[in-house]
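# next one to model:
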Amino acid sequence: MITKTKTKELNLITKDLNCNVVLMNPSLAEKILSLNKKNRNVSESNLSSTVHKMKNGKWHENGESIIIGSDGVLKDGQHRLEATIKSNHVWRAVLVTGVSPLVMSSIDTGKNRSASDVLAINGYTNASLKASVSKMILAGRYSDDSMSRMKIDNQDILHYVSLNDKYLNNLILSVFGSYTKQNVKIFNPTFLSFILHTISGNIDIEPIHISFIKSLCGLSVSEGSATYWLRSTIIRNKNKGASMPKRWIYNAVVKSWNLYKDGDLPVSYLKVSTQKLEKVELVDY
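Take a look at the predicted model:
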């Protein structure tokens, strides 16, 4: 049975198993954390992500409980409580007390839902691919922006997909045919979708964007072109068992695109650096 209990009536240390809905605030969080003697080390990335969500209205009261053992030791909820204090946030929490100290090993042992699981549950098709593409777009994987290092969680991805499902369907449909027809699969559909998103400027996908993706996949590549050199270089290194750095591949693809959009001028080689990101040039109409 779940009951609503006023903070001043709370008995945090009890031998009886109880469940209450409480108004969690910094003061109560500090009181509970004072019982925290045997918890794991704080994950700074997890904590900063939760603080950001609480400060920006993205924190959801999902019913996940704060658990305190009958021995008075906090069993689960450390990061949420720390974030409550740092963000000065107030929220409704399910507080479970009186849990046996012997059950600690059974807490948080279940498999967490992945972003693709969440998308599939919500009825989205191509859930795995949409999850990976959305995460890459949201994080700006090849961006130097420090905000790109912020943790992207399942809720962020679900929200993005809910607003951009039609666009993502178009991205995936536009690259998948070329991906499956590659004789040597150099680029995966997630990367190809991200590149298509990047070179189109997140606006309209035009025939020139599709033809470049085909060129990257070796379907309509001109010998002596930048994409021909790029594919040959990656395949040659792959055959030697050497992998190319992701940033090198991205910069080489961007350089190839910039030449492709200007007429696919022939090259003997490309000078590619990983020191800084190449700037994508959009097509002028």
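
# burial count for residue 153?
The number of residues packed near residue 153 is 17, by other Cβ atoms under 10 Å. No exception for glycine: its C-beta is placed from N, CA and C like everyone else's.

# now swap in the one 10 residues further on and tell me
Counted by other Cβ under 10 Å, the residues lying close to residue 163 total 10.

# would it count as being in a strand?
No: Residue 163: not assigned to a strand; according to DSSP: H, G, I helix; E, B strand; the rest coil it is helix.

# what's the pLDDT at it?
The per-residue pLDDT reported for residue 163 equals 94.

# same check on residue 183?
85.

# my guess is it contacts residue 231. True?
No: between residue 183 and residue 231 no contact is recorded; they are 10.1 Å apart, counting by Cβ atoms under 8 Å.

# more crowded one of those two?
Each of residue 183 and residue 231 has its neighbours counted (other Cβ under 10 Å); residue 231 has more, 22 against 9.

# pLDDT value on the more buried one, please?
The predicted local distance difference test score for residue 231 is 92.

# so what's it closest to, chain neighbours aside?
Spatial nearest neighbour of residue 231, chain neighbours left out: residue 218 (5.6 Å); criterion: Cβ to Cβ, 6 or more residues apart in numbering.

# you'd agree that neighbour is in a helix?
No: the assignment for residue 218 by three-state DSSP gives coil, which leaves it out of any helix.

# need the contact list for it.
Taking Cβ atoms under 8 Å, 6 or more residues apart in numbering, we find residue 218 in contact with 182, 183, 184, 186, 231.

# got JSON lines for these, with secondary structure too?
Output for the contacts of residue 218, formatted as JSON lines (three-state DSSP):
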{"residue": "182", "secondary structure": "coil"}
{"residue": "183", "secondary structure": "coil"}
{"residue": "184", "secondary structure": "coil"}
{"residue": "186", "secondary structure": "coil"}
{"residue": "231", "secondary structure": "helix"}
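
# tell me which of those residues is nearest to residue 90?
For residue 90, the nearest member of the contacts of residue 218 is residue 186. The distance, counting by Cβ to Cβ, is 51.5 Å.

# do you know how far that closest one is from residue 234?
For residue 186, the distance to residue 234 equals 5 Å [Cβ to Cβ, to the nearest Å].

# next: residue 15.
Between residue 15 and residue 234 the distance, using Cβ to Cβ, works out to 64 Å.
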